[in-house]
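**Q** Fold the following.
(one chain, ligands or ions: 1)
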Amino acid sequence: MSGADTLGAAGPPSFLDRFRSFREGLAARPGFRRWAARFPLTRPFARRRARALFDLCAGFVYTQVLLACVRLDVFAILAQQPMPTQRLAQRIGLPLESAERLMAAAASLGLTARRSDGAWAIGPLGAAMIGNDGLAAMVEHHAMLYADLADPVALLRRPRGGNALSSYWAYSGAESPGEVGADRIRDYTALMAASQPMVAEEVLATYRFDAHRAVLDVGGGNGAFLRAVAAEARAPRLMLFDLPAVAEEARARFAAAGLGARASVFGGDFTKDALPEGADLITLVRVLHDHDDDVSSALLARIRAALPPGGRILIAEPMSGTAGAEPMGEAYFGFYLLAMGRGRPRRPEEIAAMLAAAGFARPRLLPTPTPLLTRVIVADVASP
Ligand SMILES: C[S@@+](CC[C@H](N)C(=O)[O-])C[C@H]1O[C@@H](n2cnc3c(N)ncnc32)[C@H](O)[C@@H]1O
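**A** Model (predicted):
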């Protein structure tokens with residue numbers, strides 16, 4: 001992986017750029033669009049474009065259909081037993097006509113399916129929601145994101161922060177994150193813990209932790225990631241650093257899981273406190289993208305200072321420019337973090353450059369099963 005950031009590099013437009021300008025110039029002409037929609041060879045492309053544009057216009061409606069299904073517990077109900085509209089309507093407390101409308105909408109989106117006997121059953125995407133409390137919690141908390149995005153231009157124009165999402169993520173705009181109280185970390189910590197199994201599964205499928213003596217998870221939340229590591233790898237000691245109120249919760253959770261003796265928990269503020277020493281691997285899971293470049297670079301330098309020679313850093317988070325999932329990085333996380341008030345999604349190359357500047361060598365992007373969910377970069381302490 002090269003550390004070079006070629007964004008913004010100047011140069012003449014390539015042949016591909018010129019071809020695209022020509023193609024979009026044609027597509028911008030209503031007469032050409034009418035012709036392309038009728039001509040047999042261009043018709044499939046014209047239809048695909050129309051569908052893509054329609055999906056962009058309608059995306060919020062699709063999202064709200066999903067939210068209604070989550071709030072009414074439709075997937076769990078139908079996973080237990082398919083049922084006709086009348087019975088489902090009673091079960092979810094909707095008028096018959098509304099239940100029919102919701103089920104038809106959900107079926108068109110692959111969330112539910114109508115069986116040949118007319119009963120409603122779970123659909124392929126609804127089935128993927130079953131047993132995934134983290135996904136349902138994510139869907140539910142998006143209500144805040146959409147409230148913040150109601151006027152996207154205003155959001156882009158105003159100074160960052162001060163929105164529903166930035167007060168939810170209490171550390172994002174706090175003058176002194178270390179003083180954020182227990183009542184302000186509870187909800188986001190629960191959301192992170194609920195969605196952590198999806199991430200931990202990806203990281204554990206990608207990286208072996210058994211070779212390490214001690215793993216320090218910085219910004220480790222209530223310890224869900226380290227508990228998943230502990231279940232897979234017997235060797236490493238567990239260490240966790242997070243804001244004091246979060247650390248308190250992690251301590252209680254480790255004790256409840258019978259890991260009290262294996263785990264050490266440290267409360268502090270990584271924007272100003274040194275990190276504890278003693279780990280030969282430090283992990284940052286869904287942490288770096290939450291912070292602006294100055295804070296992220298300083299954090300990487302603190303991690304470097306806490307590691308011994310031969311130590312390693314592992315960064316796991318969704319990243320920009322993920323092939324086949326570009327809108328996840330640039331559009332979703334770009335705007336999510338804008339509403340949150342801090343941070344930005346980064347490309348692997350950008351993270352590699354930040355790692356090099358902080359004193360790490362040999363950054364490697366490891367292949368995860370689902371890069372959309374998380375990517376993993378490891379790098380080693382550079383020799384002096
Ligand atoms: C997005 S959450 C990720 C939690 C966990 N790593 C996970 O993936 O589930 C970010 C974590 O970083 C912690 N954090 C944010 N700012 C911090 C700071 N200045 N010092 C210590 N921890 C901080 C938060 O409390 C939170 O637990």
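**Q** residue in the stretch 201-350 of the chain nearest to the ligand?
**A** Gly219 (2.9 Å; CB to the nearest ligand atom). The way it works is simple: take the backbone N, C-alpha and C, and place the C-beta from them, glycine included.
**Q** Do you know the pLDDT at that residue?
**A** Here, the pLDDT recorded for Gly219 equals 98.
**Q** Residues of the stretch 51-200 of the chain that sit close to the ligand?
**A** Proximity of the stretch 51-200 of the chain to the ligand, by CB under 6 Å from any ligand atom, involves residues 171, 177, 192, 196, 199.
**Q** ok, back up a step: would you mind measuring from the residue of the stretch 201-350 of the chain closest to the ligand to Pro371?
**A** Distance, Gly219 to Pro371, using CB to CB, to the nearest Å: 21 Å.
**Q** thinking again about what came up before, what about the residues of the stretch 51-200 of the chain next to the ligand, which are in helices?
**A** 192, 196, 199 (DSSP state H).
**Q** okay, Gly219 and Pro371: which has more neighbours?
**A** Set side by side, Gly219 and Pro371 show more neighbours around Gly219, with 22 against 19, by other CB atoms under 10 Å.
**Q** I'd assumed Leu284 was in contact with the more buried one.
**A** Yes: applying CB atoms under 8 Å as the test, Gly219 and Leu284 come out as touching, 6.4 Å apart.
**Q** picking that back up, now restrict the residues of the stretch 51-200 of the chain next to the ligand to buried residues only.
**A** 171, 177, 192, 196, 199 (16 or more other CB atoms under 10 Å).
**Q** ranges for the strands of the stretch 251-384 of the chain?
**A** 263-267, 281-285, 312-317, 360-366, 375-381 (DSSP state E, counting those that start in this stretch).
**Q** confidence score at Val153?
**A** Val153 is given a pLDDT of 95.
**Q** count of residues packed around it?
**A** 7.
**Q** repeat for Arg38
**A** Using other CB under 10 Å, Arg38 has 9 neighbouring residues.
**Q** For the ligand, what's the nearest residue on the stretch 1-150 of the chain?
**A** Counting by CB to the nearest ligand atom, the stretch 1-150 of the chain gets nearest to the ligand through Gly134 (9.4 Å).
**Q** If we ignore the residues flanking it in sequence, what's nearest that residue?
**A** Leaving aside its sequence neighbours, Gly134 sits nearest to Ser195 (CB to CB, 6 or more residues apart in numbering; 3.2 Å).
**Q** close to the ligand, is stretch 341-359?
**A** No: using CB under 6 Å from any ligand atom, we find that stretch 341-359 stays clear of the ligand, coming within 9.2 Å at best.
**Q** mind exporting that stretch as CSV, just the C-alpha atoms?
**A** Provided in CSV are the C-alpha atoms of stretch 341-359 (Å, rounded to 0.1, in the frame of the first residue of the first chain):
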residue,chain,number,x,y,z
GLY,A,341,-19.5,17.3,14.2
ARG,A,342,-16.1,15.6,14.0
GLY,A,343,-14.0,13.3,11.9
ARG,A,344,-14.1,12.0,8.4
PRO,A,345,-13.9,8.6,6.7
ARG,A,346,-10.4,8.0,5.3
ARG,A,347,-9.0,6.0,2.5
PRO,A,348,-6.5,3.2,3.4
GLU,A,349,-3.7,5.2,1.8
GLU,A,350,-4.5,8.2,3.9
ILE,A,351,-4.4,6.1,7.1
ALA,A,352,-1.1,4.6,5.9
ALA,A,353,0.4,8.0,5.5
MET,A,354,-0.7,9.0,9.0
LEU,A,355,0.8,5.8,10.4
ALA,A,356,4.1,6.5,8.7
ALA,A,357,4.1,10.1,10.1
ALA,A,358,3.5,8.6,13.6
GLY,A,359,6.5,6.2,13.4
